[in-house]
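Peer 1: Here is my input, please return the structure:
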Amino acid sequence: METTKTIYNDELIKGWLKEIIKLVPGITSELSDDDIEIDEDTITITVVCKLGIRPYQVCLMAQSMIYYELSRWDDHHPYFINVIIKEIKG
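Peer 2: Residues are numbered from 1 along each chain as shown. Next up is the predicted model:
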């Protein structure tokens, strides 16, 4: 029996990432397409954090949620995830 592998395009991944980031506490605004950059095996996401939240915790939480969801799609997901805080708002 032949197995097939689903290929995910950038638009599908960006749409999915926008929904997942909404679940991360400490991120204040929704993502736009300009906030997500996909370059071969790296996904870079720039976010706006709330004031009073430790930025490293927000980044780690976002990364772990994204990796978890990617692993549900495919055990061999090829992406590295970078979360960059572009601004902290009160």
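Peer 1: got the contact list for the lengthiest helix in the chain?
Peer 2: If you go by DSSP state H, the chain has its longest helix at helix 55-73. Residues outside helix 55-73 that contact it (C-beta atoms under 8 Å, 6 or more residues apart in numbering): 6, 8, 16-17, 20-21, 23-27, 43, 45, 47, 49, 77, 79, 81, 83, 85, 88. All C-beta atoms are positioned from the backbone trio N, CA, C, and that covers glycine.
Peer 1: mind listing what's buried in it?
Peer 2: Applying a neighbour-count criterion of 16 or more other C-beta atoms under 10 Å, one finds 58-59, 61-63, 66, 70 buried in helix 55-73.
Peer 1: Can you name the next helix or strand after the lowest-mean-pLDDT helix or strand in the chain?
Peer 2: Ranking every helix and strand in the chain by mean pLDDT, DSSP states H and E puts helix 55-73 at the bottom, with a mean of 87. Downstream of helix 55-73, the first helix or strand assigned by DSSP states H and E is strand 80-89.
Peer 1: can you give me how far that next one is from the chain middle?
Peer 2: Centroid separation for strand 80-89 versus its chain: 10 Å, with C-alpha atoms, centre = their mean, to the nearest Å.
Peer 1: Now do whichever strand or helix holds residue 18: which elements does it pack against?
Peer 2: Assigned by DSSP H and E, residue 18 belongs to helix 10-21. Helices and strands touching helix 10-21, by 3 or more C-beta pairs under 8 Å, 6 or more residues apart in numbering; DSSP states H and E, are strand 36-39, strand 42-50, helix 55-73.
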